[in-house]
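*Asks:* heads up, no residue letters with this:
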Ligand code: SF4
């Protein structure tokens, strides 16, 4: 059974009633438990748990040090195409937005690679919009094949692929997959994804599993906070991570907490994830999923990223540009997929991680040739 069974199980669950019934005692008991149940997770994600953030943060820090030590793995995103045939209402690259479209040539990709390489970071996340007719599988294969000459670790965030396609990318040097469900609530999903292949909820839901089945080393999932009720979405996302972590022990599962920031199209998110609740979610995830990597991107402000460093974070993006050709080929008028909030250079981020007593990891993987 795929994760769809769990989505269905909670579709008519009375989240609001349950959250309202959680007491301080329930939260305290859940914090100190060795192995947390789904009910414990609900307790830790409830509004009542916001009064216990200090205890949750302390426990989260202890668990993170126990399982990861003080290391923060760094990666850099590289956008190679912004063509997209989907109509996601919240995204700057949506087919509904008239923006300049660009797809890098192999020569241009190499230029970007050489600039990124100078930072010393060996993990890249290669992104495209979802336009298989313009930037399809063959283009992706050529691009990652070239990039693998410069980077030992390549993750992709692109159109959902089949297990066979991920396995083929693996032979070319890809070892990671990032795919966000965006929103687990099926009704809201329908409203947010108005056209294109991304309207297929199930294909997207099962995509991380296809990556794990293909033997990828890292699979990173997330809910895009702002689209649906944040507590319900966090709960479903944590269960999804647990499902993958239990079923695919050879794959490292990671979770991101992207919050909607401004983008072309001026989408106004119907829900908000405050900084305080973000911290609550981060620590609740660590307590529920002690071995899962937790990732924070440059969507978040520098000060906030610095402050949450000891609370469970193990992965961070650095020096990000969220438009195509952002490192070498940027032109006036380039439109980002979304605005970033931490504009520090890679060196500044590395320095700041060290100053806080953590070890930035620029490379932790080299495939055996
Ligand atoms: S979120 Fe992805 S699929 Fe949707 S419009 Fe943006 S680039 Fe395209």
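*Replies:* Thanks, I have it. As the structure is a prediction and not an experimental result, all values here were calculated from the model.

*Asks:* and the closest residue to the ligand within the stretch 201-350 of the chain, backbone torsions?
*Replies:* Residue of the stretch 201-350 of the chain nearest the ligand, by CB to the nearest ligand atom: residue 337 (6.2 Å). Every residue, glycine included, has its C-beta placed from N, CA and C. The phi/psi pair for residue 337 (degrees, to the nearest 10) reads phi -70, psi -40.

*Asks:* where does it land on pLDDT?
*Replies:* Per-residue pLDDT puts residue 337 at 76.

*Asks:* Count residues in the vicinity of it, would you?
*Replies:* 21 (other CB atoms under 10 Å).

*Asks:* for residue 311, same thing?
*Replies:* Neighbours around residue 311, by other CB under 10 Å: 20.

*Asks:* cool, and residue 273?
*Replies:* Residue 273 has 22 neighbours, counted by other CB under 10 Å.

*Asks:* Now do the SS call for the residue in the stretch 151-300 of the chain positioned nearest to the ligand.
*Replies:* Nearest to the ligand, among the residues of the stretch 151-300 of the chain, is residue 198, at 5.1 Å (CB to the nearest ligand atom). Three-state call for residue 198 (DSSP: H, G, I helix; E, B strand; the rest coil): helix.

*Asks:* got the contact list for it?
*Replies:* Residue 198 makes contact with 86, 88, 130, 204, according to CB atoms under 8 Å, 6 or more residues apart in numbering.

*Asks:* On the pLDDT front, check it for me.
*Replies:* Reported pLDDT for residue 198: 97.

*Asks:* quick one, strands of the stretch 1-150 of the chain?
*Replies:* With DSSP state E, counting those that start in this stretch as the criterion, the stretch 1-150 of the chain has strands at 71-81, 123-128.

*Asks:* For the most centrally placed residue in the chain, grab phi and psi.
*Replies:* By CA atoms, centre = their mean, the chain has its centre lying nearest to residue 256, at 3.5 Å. Main-chain torsions, residue 256, degrees, to the nearest 10: phi -110, psi 160.

*Asks:* between the strands of the stretch 1-150 of the chain, which gets nearest to the ligand?
*Replies:* Across the strands of the stretch 1-150 of the chain, the ligand has its closest neighbour in strand 123-128 (7.7 Å, CB to the nearest ligand atom).

*Asks:* what does the closest one rub up against?
*Replies:* 73-83, 113, 116, 135, 140, 143-144, 147, 151, 153-159, 176, 178, 317, 337, 362-365.

*Asks:* Can you tell me which of those residues end up in helices?
*Replies:* Among the contacts of strand 123-128, the members found in helices (DSSP state H) are 113, 116, 140, 143-144, 147.

*Asks:* Return the member of those residues nearest to the ligand.
*Replies:* Among these, residue 140 lies closest to the ligand (CB to the nearest ligand atom), at 14.2 Å.

*Asks:* pretty sure the closest one is touching residue 172, no?
*Replies:* No: applying CB atoms under 8 Å, one finds residue 140 not in contact with residue 172, separated by 9.0 Å.

*Asks:* These two - which one has more neighbours?
*Replies:* When neighbours are counted by other CB under 10 Å, residue 140 comes out ahead of the other of residue 140 and residue 172, with 24 against 16.

*Asks:* Now for the more buried one: which residues touch it?
*Replies:* Applying CB under 8 Å, 6+ apart, the residues near residue 140 are 128, 156, 158, 169.

*Asks:* Around the ligand, pick out the residues from this structure.
*Replies:* The chain has residues 84, 86, 88, 91, 93-94, 129-130, 198 near the ligand, with proximity defined as CB under 6 Å from any ligand atom.

*Asks:* returning to that earlier point: so can I have JSON lines of the ones in helices among the contacts of strand 123-128 showing pLDDT?
*Replies:* Output for the ones in helices among the contacts of strand 123-128, formatted as JSON lines (pLDDT from 0 to 100):
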{"residue": "113", "pLDDT": "95"}
{"residue": "116", "pLDDT": "93"}
{"residue": "140", "pLDDT": "98"}
{"residue": "143", "pLDDT": "98"}
{"residue": "144", "pLDDT": "98"}
{"residue": "147", "pLDDT": "98"}
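
*Asks:* Just flag the most distant two among those residues.
*Replies:* 116 and 140 (17.8 Å; CB to CB).

*Asks:* what about the helices in the stretch 1-150 of the chain?
*Replies:* 4-11, 15-21, 24-32, 38-45, 53-68, 106-117, 137-147 (DSSP state H, counting those that start in this stretch).

*Asks:* what separates stretch 269-283 from the chain centre, distance-wise?
*Replies:* 15 Å (CA atoms, centre = their mean, to the nearest Å).

*Asks:* tally of neighbours for the closest residue to residue 18 other than its chain neighbours?
*Replies:* Closest residue to residue 18 apart from its sequence neighbours, by CB to CB, 6 or more residues apart in numbering: residue 42 at 5.9 Å. Residue 42: 23 surrounding residues under other CB under 10 Å.

*Asks:* With the one 3 residues further on instead?
*Replies:* One way to gauge burial is a neighbour count; for residue 45, by other CB under 10 Å, it gives 26.

*Asks:* residues contacting it?
*Replies:* Residue 45 sits next to 19, 231, 234-235, 238, 280-281, 284 when contact means CB under 8 Å, 6+ apart.
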